[in-house]
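Participant: 3D, please:
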Amino acid sequence: MSRPVSSKFLGTLCLIVSSFGVALTCMSSFAASERVGDFALLDEQGVFHQLSRYQHRDAVVLLAYDNNCTAAKDAAAMLADLQSQFDERIEFLALDINAMDRATEHGWQMSFPVLADELKLVAEGLQIRQSGEVLVFNPQRLSLYYRGGADQALQANLDAILSGDAAPASGSEVKGCPITYDSDTAPAPDYSTEVAPIIVEHCTICHREDGAGPFAFDEYYSLVGWSPMVREVIMNKRMPPMQVDPAYAATPNAHYLSAEKRQKIMHWMQAGAPRGDGAVDPLTEVPLEKTFDWQLGEPDFVIDTPRNVIPAVGILDYMYTELELPFTEDKWVKALQFAPGEERVIHNLSAFIVPAESDFWGEEREALTSERRLLGSFIPGENPATVFPEGTGVLIPAGYKLALQFHYYSHGRVLQDTTTIGLYFHDSAPASEIVTRPVSAEFTLSPGDPNQAFLASYEFAEKATLLAVRPRMNQRGKNMKFDLVAPGGETETLVSVPAYNYGWQPLYWLETPRTLEPGTVVNISGAFDNSLSNPFNPNFREEVKRGFGSGEEMFTGYVTYAVER
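Facilitator: Below you'll find the model as predicted:
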């Protein structure tokens, strides 16, 4: 349903689109004030690199690399020499414009990370025209110190940066290999048939009227108005949320935009976001309100959680609720579904089954690992019912209670949330029980350190079937990875979250469960960023220890599996 648009608003939108297009065009000519957009990519090791997260460095050097280009190889050799001179004050990176596979990139044996640039999206946004071209960024200002070749001019620029002088923007002639882009010859993607359907499929589940997203995509003008933000969050991989490294095991909970879809959106914006000739705007066809249905029919038992009042502004700590359950005999849950009361503000909800004398954290407060009963968790989005695998279930022992942890975000006005949980029971006890094991590490974070790595491990004493994993850190979390080591020593990476986001903490269900023999070890590795480069860090100057408040930190991998009882 479209709304009337004033001529003043249309003029403003035209200015936004025009300015956005000009900004992209101007990048082809270097100037002292040249700004760049933030971007993020994975390297040949699966490590996440984001330009704006290098504020602990004085500069970032990026080489546009093509292994078939002799000039690019020569430039890489010079940069390797410069890297040894400038220690850790300057970050050196290569941009693989052909996005080769990781084994190939690793085979180049570069001394600095190689970032795979699918469909040359980053190179095109930076207006790089030749492989062998070098860009030097100011990561604090997202601007350029230098654009040119790997030569003495580059050396002089880096020397000036490290000397503390105000290094002037400079450049030199590039003698490299030409780069061509699809947009050089291809027409702009069509809004109605190519661009809007991508937004409908991947974005409007949250970005709708009164949805979890902070603004709605309900018509062409709303998408155009937010286009600079859309470009930013796609290029730095903030959206879609819950992205994992696609090189490892598949999980239906991960969200992606393919390189082809990202390219369509970028090229459409670069062309000035034309409306096209489509008579129907697909965004106006999306229902304004999200409706809820019990996907499995009426639940066997419904839990109404107490009403929580969420203030209009402020950073909110966790809210905890404990509910007595009326069951006088054991119950086995085979499926459940959350019905959020106010999805605009609830960003995470976890529900555990705990003994009557326990609180939400239970044994987890004292022990680095324990066996717990995770009923389920909720995050905004599709919100399907959770159906446990055949022959399995979560046990609610008689006399146990439900312990809930709510994580809310303020939304600009006072709102109230009463979330409902629907449970579906087995008629008789299944063969296997689903349990969740937190595996944690003790740690102390040093102030100002951007990459503090830790490892937590657990060895299975009995046979089990691994179903899901969940990374759990707070604002300083950087990345987390789950590896299985079989009794014979064979290692498999299950799930890797290269850019951990405190706001999104899903349970990643494995598309293919793993049978674990006794002696199998799960290794949970990850890192914190307690530096000024972490935009979520409340205070990078303080030492931080393990704790359970939202302002503290934790390093826990939750491992959900089924065992025969």
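
Participant: how close does the closest residue in space to residue 131 that isn't next to it in sequence sit to residue 103?
Facilitator: In space, residue 131 comes closest to residue 66 once its chain neighbours are excluded; the distance is 3.7 Å by C-beta to C-beta, 6 or more residues apart in numbering. For the C-beta atoms, the positions are set from N, CA and C on the backbone; glycine is no exception. The span separating residue 66 from residue 103 equals 17 Å under the rule C-beta to C-beta, to the nearest Å.

Participant: picking up where we left off before, show me what contacts the residue nearest to residue 131?
Facilitator: Residue 66 makes contacts with 72, 96, 97, 98, 131, 132, 177, 179, as judged by C-beta atoms under 8 Å, 6 or more residues apart in numbering.

Participant: so the third one versus residue 177, what's the distance?
Facilitator: To tie it back to what came earlier, the one meant is residue 97. The span separating residue 97 from residue 177 equals 10 Å under the rule C-beta to C-beta.

Participant: shared neighbours, these two?
Facilitator: In the contact map built from C-beta under 8 Å, 6+ apart, the residues linked to both residue 97 and residue 177 are 66, 131.

Participant: neighbour-wise, which of those two wins?
Facilitator: A count of neighbours by other C-beta atoms under 10 Å puts residue 97 above the other of residue 97 and residue 177, at 26 against 18.

Participant: list phi and psi for the more buried one.
Facilitator: The phi/psi pair for residue 97 (degrees, to the nearest 10) reads phi -70, psi -10.

Participant: check what pLDDT it gets.
Facilitator: Model confidence at residue 97, given as pLDDT, is 98.

Participant: residues contacting it?
Facilitator: Residues in contact with residue 97, defined by C-beta under 8 Å, 6+ apart, are 64, 65, 66, 117, 120, 123, 128, 131, 179.

Participant: find the nearest non-adjacent residue to residue 317, please.
Facilitator: Sequence neighbours aside, residue 550 is the residue nearest to residue 317 in space, at 5.0 Å (criterion: C-beta to C-beta, 6+ apart).

Participant: make that residue 545, sorry
Facilitator: In space, residue 545 comes closest to residue 444 once its chain neighbours are excluded; the distance is 5.2 Å by C-beta to C-beta, 6+ apart.

Participant: ok, the one you found touching residue 552?
Facilitator: No - using C-beta atoms under 8 Å, residue 444 and residue 552 do not qualify as a contacting pair, with a distance of 11.7 Å.

Participant: hmm, back to that, just the buried subset of the contacts of residue 66, please.
Facilitator: By neighbour count, with 16 or more other C-beta atoms under 10 Å, those hold 72, 96, 97, 98, 131, 132, 177, 179 as buried.

Participant: surely the last one touches residue 127?
Facilitator: No - the pair residue 179 and residue 127 does not pass the contact test of C-beta under 8 Å, sitting 10.1 Å apart.

Participant: centre of the chain versus the helix or strand encompassing residue 124, how much separation?
Facilitator: With secondary structure defined by DSSP states H and E, residue 124 is part of helix 121-125. Here helix 121-125 is found 20 Å from its chain centre; the criterion is C-alpha atoms, centre = their mean, to the nearest Å.

Participant: returning to what we had before: now the contacts of residue 66 as JSON lines including distance to residue 333 and secondary structure?
Facilitator: Formatted as JSON lines, the contacts of residue 66 follow (distance: C-beta to C-beta, whole Å; DSSP: H, G, I helix; E, B strand; the rest coil):
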{"residue": "72", "distance to residue 333": "57", "secondary structure": "helix"}
{"residue": "96", "distance to residue 333": "47", "secondary structure": "strand"}
{"residue": "97", "distance to residue 333": "50", "secondary structure": "coil"}
{"residue": "98", "distance to residue 333": "49", "secondary structure": "coil"}
{"residue": "131", "distance to residue 333": "56", "secondary structure": "strand"}
{"residue": "132", "distance to residue 333": "60", "secondary structure": "coil"}
{"residue": "177", "distance to residue 333": "60", "secondary structure": "strand"}
{"residue": "179", "distance to residue 333": "55", "secondary structure": "coil"}
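
Participant: related to what we said a few turns ago, pLDDT at the residue nearest to residue 317, what is it?
Facilitator: pLDDT, residue 550: 78.

Participant: ok, it - contacts?
Facilitator: Under the criterion of C-beta under 8 Å, 6+ apart, the contact partners of residue 550 comprise 316, 317, 318, 407, 474, 475.

Participant: looking at the residues you listed, state which has the most neighbours.
Facilitator: Most neighbours among these, by other C-beta under 10 Å: residue 475, with 23 neighbours.

Participant: phi and psi next, for that residue.
Facilitator: According to degrees, to the nearest 10, residue 475 has phi -70, psi -20.

Participant: also the one 4 residues further on?
Facilitator: Dihedral angles phi and psi of residue 479 (degrees, to the nearest 10) take the values phi -160, psi 160.

Participant: so it versus residue 500, what's the distance?
Facilitator: Separation of residue 479 from residue 500 (C-beta to C-beta) stands at 6 Å.

Participant: hey, what's in contact with both of these two?
Facilitator: Counting by C-beta under 8 Å, 6+ apart, the residues touching both residue 479 and residue 500 are residue 526.

Participant: tell me the domain ranges of the protein?
Facilitator: With automatic domain parsing serving as the domain definition, the record reports that the chain contains domains spanning 7-17+186-285, 31-183, 292-430, 432-565.

Participant: assign a three-state SS to the nearest residue to residue 286 once chain neighbours are set aside, would you?
Facilitator: Here the nearest residue to residue 286 in space, its sequence neighbours aside, is residue 204; by C-beta to C-beta, 6+ apart that works out to 4.8 Å. Secondary structure of residue 204, reduced to three states by DSSP: H, G, I helix; E, B strand; the rest coil: coil.

Participant: show me the contacts for residue 204.
Facilitator: Residues counted as contacts of residue 204 (C-beta under 8 Å, 6+ apart) are 211, 216, 217, 283, 286.

Participant: give me the phi and psi for the third one.
Facilitator: Phi and psi for residue 217, reported as degrees, to the nearest 10, are phi -100, psi 90.

Participant: how close does it sit to residue 260?
Facilitator: The gap separating residue 217 from residue 260 is 20 Å, by C-beta to C-beta.

Participant: neighbour count: those two, which is higher?
Facilitator: Shown here are residue 217 and residue 260; by other C-beta under 10 Å, residue 217 has more neighbours (23 against 10).

Participant: OK, contacts around that one?
Facilitator: Residue 217 makes contact with 199, 203, 204, 207, 208, 223, 226, 283, 286, according to C-beta under 8 Å, 6+ apart.

Participant: surely the second one and residue 213 touch.
Facilitator: Read it as residue 203. Yes - judged on C-beta under 8 Å, residue 203 makes contact with residue 213 at a distance of 7.5 Å.

Participant: with neighbour numbers in mind, choose between those two.
Facilitator: Here residue 203 and residue 213 are set side by side on neighbour count (other C-beta under 10 Å), and the busier one is residue 203, at 21 against 17.

Participant: flag the shaky bits of the stretch 1-150 of the chain, pLDDT-wise.
Facilitator: For the stretch 1-150 of the chain, the stretches with pLDDT under 70 are 1-33.
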